[in-house]
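1. Below are the sequence and a predicted model; questions follow.
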Amino acid sequence: MTDRAPAGPASPPFRPSMLIYDRRYRSMTFQVIVFIIVMSLVWWLIGNTITNLENLGKDIDFRFLFSRAGYDIPQQLIPYDNDDSHLRAAVIGLLNTLFVSFLGCIAATFLGVAVGVLRLSNNWLFARLMTIYVEIFRNIPLLLWILIIFAIFTEISPAPRAYRGEDAQNLFLGLIAPTNRYTSIPGIVAEHSPGVLQIGRIAIPWLAILFLGLLALAVVLRRWINARAQRVQNRTGRRPTTWWINLALFVVPPVAIWLIFGLRLTVPELTGFNFSGGINVDNSLVALWLALTLYTGAFIAEIVRAGILAVSKGQSEASFALGLRPNRTMNLVILPQALRVIVPPLISQYLNLTKNSSLAIAVGYMDLRGTLGGTTVNQTGRELEGILLMMLVYLAVSLMISGVMNIYNSRVKLKER
Amino acid sequence: MTRSVFIGATAAAAMLAGAGYAAEGDTLADVTGRDQLICGVNAGLVGFASPDANGNWTGFDIAVCKAIAAAVLSDPAKVKYVPTTGQTRFTALASGEVDVLARNSTWTFSRDTDLTLDFAGINYYDGQGFMVPRSLGVSSAKELDGATICVQTGTTTELNLADYFNANNMSYQPVNIDSNAEGEQQYMAGACDAYTTDASGLAATRAAFASPSDHIILPEIISKEPLGPVVRHGDNNWGDIVRWTLYALIAAEEYGVTSANIEELASNSENPEVQRLLGTTGDLGAMIGLDAEWAKRAIKAGGNYGEIFAKTIGEETPIGLARGLNAQWTQGGLMYAMPFR
Amino acid sequence: MSEMHAESVAYVRDTMLPPAAPPNQQLGALRWLRVNLFSGWFNTVLTLLGLGIIWFLFDHFWPWLSHSVWKADSVQECREIIAARYGEGATGGCFGVIRERWHQYLFGFYPRAEYWRPLMTLGLLFIAITPVLFSVNPAIRRWVLAVTGLITLLLMGVAEVPDWAVLLMWALIGTALLLGEYAPQRLLIFTLFYPVVGVWFLWGGSLWFPLMLLAGFGVGYLATRLVPPRHAGLALPAGIAAALIWWLFLAGPVAGLLGDLAPARLRVIDSNEFGGFLLAMVIGVSGIAMSLPLGIVLALARRSDMFLIHVFAVIFIEFIRGVPLITLLFVASLLLNYFLPPGTNFDIILRVIIMVTIFAAAYMAEVIRGGLAALPRGQFEAADALGLNYWQAQRLIVLPQALKISIPGIVGTFIGMFKDTTLVGLIGLFDPLKGISDFVRSNFAWKGIYWEPFIFVGAIFFVICFSMSRYSMYLERRLSREHR
């Protein structure tokens, strides 16, 4: 293990038996043997596959990806119809996977932190309710939760028909129509629209780009203003009030866009069988998202609780002694320290959530497994290519998430000097 | 079995597998050697394949398996039923995991050619239809423009649905569902305006509702779904056995051979076709590597085609399907057994 | 001093006042309420919210549950009974399906007459794992053995197994209790043989096959012993080679021979008759048991300072952890036949167990790596200082401690895996959640039943997983005490 330069005058001449008995060579020998074994195993598997494919009269051919898919996908982030290729269907599926995973991770984090903190609260009833929630969700398979939540959604919300006729149900706030197939929310249209940016078949409204640009600018500015306030405080001991500038940064641009371009909401309208005019968010997406959130949230809550408990009691006592109120103690003293313990297991929960989203097919949400690994494989009979490709894509996604999160982790990690 | 457990465990330990059943080659020899027919079936479809509380499988597709087992192994009970999903069925067949697939699979060009399978015949002519609640006030599928439609994902129904709406210049919103149970639940709760699947499945689903009369099955049948048993491409003798076992059941109905009168007819039938079918004269069985009485046993196992139909999905059962296209050609249907000669 | 003081002051109390009773608001239930539920506006809001949630759940689910029907033979009958009892339009649960089909949810198609075998396997499983998992505290061990034994006997009663099986189980539990009391180490011998007994009970056939399989390990060990100490480096390869030769060429014939001499046969049960929770348990337990050694090797490999070994381990672990289990199950059901030699075709359940084992091994490796990392550096150094070689150090010093720290993580992995067994339904096996329910619904009598099986299956999953997670918490508490 340790480097020890040979102290002897000259190393003895090499003999074959040294390959086994000499520590310097033994690890070499061992590695070579393992390498040969692994490679021959891989070769064996590949050889078998080739023989088997020959016997079945099949070949490995990815051209099926460019043939017509022929099936429809309910939820799509970029345009798609059944005349598009299987490849595009797979991309739609991948985007759907990423979309629900992204939403799920964010929501599960908020939920998990809230529940983890509340479980430690001194409210007897709520702490117990949270414990029940955590235990129930952690100990029952996710597949069951997905099915149950989807079914509950369908059962309790009215059909679109209920919004029509004599005793019609009113839209929630006059804007939102929850139905048993989707929730119809208002869309936004501009009176004086500056048009859209067309990239292939994807159309992005310039307004959205403008809005996001201004938002990014606001974030940068806010950071700069706060840093400046900190410098002033360090120099003079008085912190200039910045809250109104910060508020204005985030409020003024949207309002300006609103007024200049004449934005307005389009209220969903019931036409024929369904609502149109607004944006219909499919229940399968919402149910899957909710199930993933609740399930992963329960695990994150446990991680957060363990993280908080790992911060020594002296820290909170010291903080109370300094006169900090409980919520500030939590925000300023405990959570930052707990974060170090929390982040690594949190990463693996994010990965789990992303992988678990592959259960989406249970509620008919067409994710990567539903498109590429489901219908496409079924229609084309190319299971070898389809499933290997799907595994590689999932692997790439997982590696990307863990890569990004590991960078974050190394930033919050305690810097030991 | 012990052998395969043993082999499997060894493989797990050493990643070396011994020889199991042959994927290619002589299926008949495999089946007789094993003294068991392995039949790939649907994991649960009302009327077609369903295990009861004691684990005994019954149904329309199951009857085909039993008939083949009776013909080949002289015992309709010598069948191992391997449940398959829509996704695993053809792989299971191609890899030799099952000897025959009796799982409401549609005969299509690409399956027959590209997937190197052989359809041995058709035991049920189905078609895709729509079911809607009566209260929707729809009487034709042409009025479904803009409707939300529940469709099982990964099946040909999904493609047919897309094609139908394309062809009629209509739009629809698919609600993809994973299994029939979810489909029913969604449809019942009103999450979709219409539910589409094979007409036989619609009939069964409708019959199980609390008030079946509140739902109607629209007259349009938007696709042809010829369902039949499937075997591997290349083993022609085995394909012949499956095909002619099916024809024997159909022919038996045509000639009036039932499980009740089969013994009597075997001894005293005047009809030469019946005599050949039941092995009283000639030796058709030898031509496919079986004995003379193979067809007789197949028919005795569950009755002729008509009896099987009546017992599993016919009008007397809760599912209540009419014969329709599946009547004998003499009755205006499409069931037409090739001559036994 | 005090006397002087007493005289110089006009009035002074010379006895203690009895403590006054606290004000009413600070007393009893009221005080408890104030402190625990209404100690501020935020807490009050939370409490009201909590009450609201409870009421909402109760209001929505109670009517349905309270209208449950247990004695019915079909959904239609249920509907009639509910309509008759609670009026038209009332809805209620139809748990008749559970009453009629519970055994399929538990055992799948396992023949009814043989239910004693899986139940016995379950009971023996507890006996086998108690000396491992509850090794320290005899009181806990006693308790666990007694309770699990009782559960097994209860299940046997419900499943109506033959009397002699019940008696046998009584005897076995009694023996285990006695052994646990006086010679706990002896129980470990049983643990060693349990896999053989379990496999034999579940699948049947000749006892000698699994026994000979186990004997392979003995043969391998013997071979390592027979290698002269001069060539100690050859011991491991020799052992592996001997075991392989045994498994491939000798085990089968020897088992056959012994089977002829002393037949110990049970009725053979095909894997495809397994289903329900039996299937979940078989996949879960065998997956975890086989993944443990694999996980240890992988964890050590990942920490190894041999470059290639480390790289292989990292690639393997990250690959498996990076893909969803369902894709691995697809590999088992769709692709494994491509990867193995032409003509190979073994049971889908074994294929699934292999993939689940590989999957669990990657997770297990990370859990154990965590345990290894948590071990103080001094332990490794001490082992080096004693002059132990790598394997001695691992076997005698490092692994026993690291594994002990990892047990909560291992149990956690097991819970996760046990829940994930529901995914096998997606490849056509009869998992309790979807597989069994789908075929139960394919019977016309139960067509359209939706919630009841989910509730039943969910409840069983909850009970099993919850007790396991409690156990792991108990361990964590005990371990954290020990490490203080």
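-> Thanks, I have it.

2. can we go C-alpha only for contacts and neighbour counts from here?
-> Noted.

3. Show me the shaky parts of chain C.
-> C:1-10, C:25-27, C:134-136, C:231-233, C:345, C:480-484 (pLDDT under 70).

4. Have a look at it and report its longest helix.
-> helix C:451-482 (DSSP state H).

5. Give me the neighbour count for the closest residue in space to residue A:142 that isn't next to it in sequence.
-> The spatial neighbour of residue A:142 that comes closest, neighbours along the chain excluded (C-alpha to C-alpha, 6 or more residues apart in numbering or on different chains), is residue A:295 at 6.7 Å. By other C-alpha atoms under 10 Å in any protein chain shown, the residues close to residue A:295 number 26.

6. What are the phi and psi values at residue A:295?
-> phi -70, psi -50 (degrees, to the nearest 10).

7. Just to check, it is in contact with residue A:140?
-> No: between residue A:295 and residue A:140 there is no contact under C-alpha atoms under 8 Å: 9.1 Å.

8. who's in contact with the residue lying closest to residue C:108 once chain neighbours are set aside?
-> Nearest residue to residue C:108 in three dimensions, chain neighbours excluded: residue C:275, at 3.6 Å (C-alpha to C-alpha, 6+ apart). Going by C-alpha atoms under 8 Å, 6 or more residues apart in numbering or on different chains, residue C:275 touches C:104-110, C:429-432, C:436.

9. now residue C:275: how far from chain A?
-> Separation of residue C:275 from chain A (C-alpha to the nearest C-alpha, to the nearest Å): 17 Å.

10. With residue C:49 instead?
-> 8 Å.

11. check contacts around residue C:294.
-> Counted by C-alpha under 8 Å, 6+ apart, residue C:294 has contacts C:361, C:365.

12. Report how many residues lie close to residue B:128.
-> 21.

13. any idea how far it lies from residue B:151?
-> 11 Å (C-alpha to C-alpha, to the nearest Å).

14. Now do the shared contacts for these two.
-> Common neighbours of residue B:128 and residue B:151 (criterion: C-alpha under 8 Å, 6+ apart): B:157, B:196-197.

15. Show me the one in the residues you listed that has more neighbours than the rest.
-> Counting by other C-alpha under 10 Å, top hit in the shared contacts of residue B:128 and residue B:151: residue B:197 with 24 neighbours.

16. Check the gap between the nearest residue to that residue once chain neighbours are set aside and residue B:321 for me.
-> Distances taken as C-alpha to C-alpha, 6+ apart put residue B:128 closest to residue B:197, at 5.4 Å, once the chain neighbours are dropped. Counting by C-alpha to C-alpha, the gap from residue B:128 to residue B:321 is 14 Å.

17. So the closest residue to residue C:461 other than its chain neighbours: helix, strand or coil?
-> Computed as C-alpha to C-alpha, 6+ apart, the closest residue to residue C:461 that is not its neighbour in sequence is residue A:140, at 5.7 Å. Here residue A:140 takes the coil state, with states given by DSSP: H, G, I helix; E, B strand; the rest coil.

18. Just give me the neighbour total for residue A:140.
-> Residue A:140, neighbours per other C-alpha under 10 Å, totals 26.

19. Pretty sure it sits against residue C:455.
-> No: using C-alpha under 8 Å, residue A:140 makes no contact with residue C:455, being 10.5 Å away.

20. Distance of the residue nearest to residue C:108 relative to residue B:77?
-> 21 Å.

21. name the element residue A:255 belongs to?
-> helix A:243-261 (DSSP states H and E).

22. can you check residue C:216 too?
-> Here residue C:216 is assigned to helix C:208-226, by DSSP H and E.

23. buried set for the helix or strand just after that helix?
-> Under the assignment DSSP H and E, the closest C-terminal helix or strand after helix C:208-226 is helix C:235-245. Under the neighbour-count criterion of 16 or more other C-alpha atoms under 10 Å in any protein chain shown, helix C:235-245 has C:235-236, C:238-244 buried.

24. Check the offset of helix C:235-245 from the chain's centre.
-> 32 Å (C-alpha atoms, centre = their mean, to the nearest Å).

25. now stretch B:72-84
-> 15 Å.

26. Same question for stretch A:389-409.
-> With C-alpha atoms, centre = their mean, you get 11 Å for stretch A:389-409.

27. Mind checking the pLDDT average for that stretch?
-> What stretch A:389-409 shows for mean pLDDT is 90.

28. rewinding a little: show the buried residues in the contacts of residue C:275.
-> Here, 16+ other C-alpha under 10 Å leaves C:104-110, C:429-432, C:436 buried among those.

29. Chain B: helices as residue ranges?
-> Using DSSP H, helices in chain B cover B:2-14, B:27-34, B:60-73, B:89-94, B:109-113, B:156-167, B:180-188, B:199-207, B:236-254, B:262-268, B:272-277, B:284-287, B:294-302, B:305-312.

30. Which residues of the stretch 201-350 of chain C lie near chain B?
-> C:203-206, C:209-210, C:213, C:244, C:247-248, C:268-270, C:272, C:333-334, C:337, C:340-347, C:350 (C-alpha under 8 Å from any C-alpha of the partner chain).

31. So what sits opposite residue A:197 in the bridge?
-> Taking DSSP bridges, one obtains residue A:204 as the residues bridged to residue A:197.

32. List the contacts of it.
-> Contacts of residue A:197 (C-alpha under 8 Å, 6+ apart): A:203-206.

33. Report the separation between it and residue A:203.
-> Applying C-alpha to C-alpha to residue A:197 and residue A:203 gives a distance of 6 Å.

34. One more: residue C:340?
-> Distance from residue C:340 to residue A:203, by C-alpha to C-alpha: 48 Å.

35. More neighbours: which of these two?
-> Taking other C-alpha under 10 Å, residue C:340 and residue A:203 do not tie; residue C:340 has more neighbours (22 against 13).

36. Quick check: that one touching residue A:47?
-> No: Residue C:340 lies out of contact with residue A:47 (C-alpha under 8 Å); the separation is 9.1 Å.

37. before we move on, the earlier item: got the angle between the helix holding residue C:216 and helix C:235-245?
-> Computed by axes from the mean of the first three to the mean of the last three C-alpha atoms, to 10 degrees, the angle separating helix C:208-226 from helix C:235-245 equals 150 degrees.

38. Please see if helix C:208-226 touches chain A.
-> No: Helix C:208-226 stays out of contact with chain A when judged by C-alpha under 8 Å from any C-alpha, the minimum separation being 15.6 Å.

39. Which elements pack onto that helix?
-> helix B:2-14, helix C:184-203, helix C:235-245, helix C:251-261 (3 or more C-alpha pairs under 8 Å, 6 or more residues apart in numbering or on different chains; DSSP states H and E).
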